[in-house]
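Student: sequence first, predicted model second:
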Amino acid sequence: MKCLISVIVLAAFSSSVAAVDLGAWGETWDIREHNLITVMRNNLQLHFAGQSQAEMEQEIQRRTEAQALRPVPVEGLITASETRTRLYDPAFTVTQDLSDLSGTLFARRGERVNPFDIIPVFDETLYFIDGDDARQIAWIQRQKPQSTTNRIILVNGNVRDSAGILGERVYFDQNGILVRKFGIKQIPAEVKQLTGEKLFVIKEYGLVDSESGADDE
């Protein structure tokens, strides 16, 4: 048991191991007063007291799977009541010289670069929804993207359950990276390339409007 607890503590500080939130048990100590690893080891020993190594492994696996299937929800989003459309320019200023694997320089520091200069056509539609909202599940089932492919990206909900309901692969915006990148404030939302332009068009759908059929296309 002591061996497994040591492994768990070391794993918590390893960048190559997925983080598992084991919660907080017992008192919380000021890091200046107690060695952090010692506190973690003591808390784990307290939590797993009386359990066999097999039981400990099963609980850790269960917690890891639960976190993978239902990651932490993306914060700061609201359900849209009105449909809003805007453009997003993905161009950015390079902060340092960029080279490919062969060492060939393709962007210099201070240069303005647009991903569409490299990939002119982004033939994919991204949908952002809350998988726990039945209205948004119904909304995504009505969508008919014109692009070759599309991705359904959850900002909340269970990945496996949503995939089962929709009958296709579902993704999750871990830590809200894409939501922040595109500046999405309301869901459901759709992101795709503006035809013939080096821009994305972002549409946040008002469910009242979309349920009437006015904004489903």
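Tutor: Cool, got the structure.
Student: low-confidence ranges in this protein?
Tutor: For the chain, the stretches flagged by pLDDT under 70 are 1-68, 209-217.
Student: can you list contacts of stretch 169-179?
Tutor: For stretch 169-179, the external contacting residues (C-beta atoms under 8 Å, 6 or more residues apart in numbering) are 71-72, 74-77, 126, 128, 131, 151-155, 159, 162-163, 184. Bear in mind the C-beta positions are built from the backbone N, C-alpha and C, glycine included.
Student: now do 6 Å
Tutor: Residues from elsewhere that reach stretch 169-179, judged by C-beta atoms under 6 Å, 6 or more residues apart in numbering: 71, 74, 151, 152, 153, 154, 155, 159, 162, 163.
Student: tell me which two in the residues you listed are the farthest apart.
Tutor: Using C-beta to C-beta, those reach their maximum pairwise distance at 74 and 163, which is 18.0 Å.
Student: so for these two, which sits in the more crowded spot?
Tutor: It is residue 74, of residue 74 and residue 163, that has more neighbours when counted by other C-beta atoms under 10 Å, with 23 against 17.
Student: okay, the more buried one and residue 132: tell me how far apart.
Tutor: Separation of residue 74 from residue 132 (C-beta to C-beta, to the nearest Å): 12 Å.
Student: and the strands in this protein, which stretches?
Tutor: 78-79, 84-88, 92-93, 98-99, 105-107, 112-113, 124-130, 149-156, 170-172, 186-187, 189-193, 200-204 (DSSP state E).
Student: name the helices or strands packed onto the longest one?
Tutor: Using 3 or more C-beta pairs under 6 Å, 6 or more residues apart in numbering; DSSP states H and E as the contact test, the elements touching strand 149-156 are strand 124-130, strand 170-172.
Student: partner strands of the longest one, with direction?
Tutor: By that I understand strand 124-130. strand 149-156 (parallel), strand 189-193 (antiparallel) (DSSP bridges).
Student: tell me how many other residues surround the spatially closest residue to residue 70 that is not a sequence neighbour.
Tutor: Distances taken as C-beta to C-beta, 6 or more residues apart in numbering put residue 158 closest to residue 70, at 4.9 Å, once the chain neighbours are dropped. Other residues within reach of residue 158, judged by other C-beta under 10 Å, total 18.
Student: touching, residue 158 and residue 69? I think so.
Tutor: Yes: counting by C-beta atoms under 6 Å, residue 158 does reach residue 69; the two are 5.5 Å apart.
Student: could you dump the strands of the chain to TSV with distance to residue 142 and mean neighbour count?
Tutor: TSV is the format used below for the strands of the chain (distance: least, C-beta to C-beta, whole Å; neighbours: other C-beta atoms under 10 Å):
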stretch	distance to residue 142	mean neighbour count
strand 78-79	16	12
strand 84-88	18	12
strand 92-93	34	11
strand 98-99	41	12
strand 105-107	41	13
strand 112-113	37	13
strand 124-130	11	22
strand 149-156	13	20
strand 170-172	17	20
strand 186-187	15	22
strand 189-193	12	21
strand 200-204	14	18
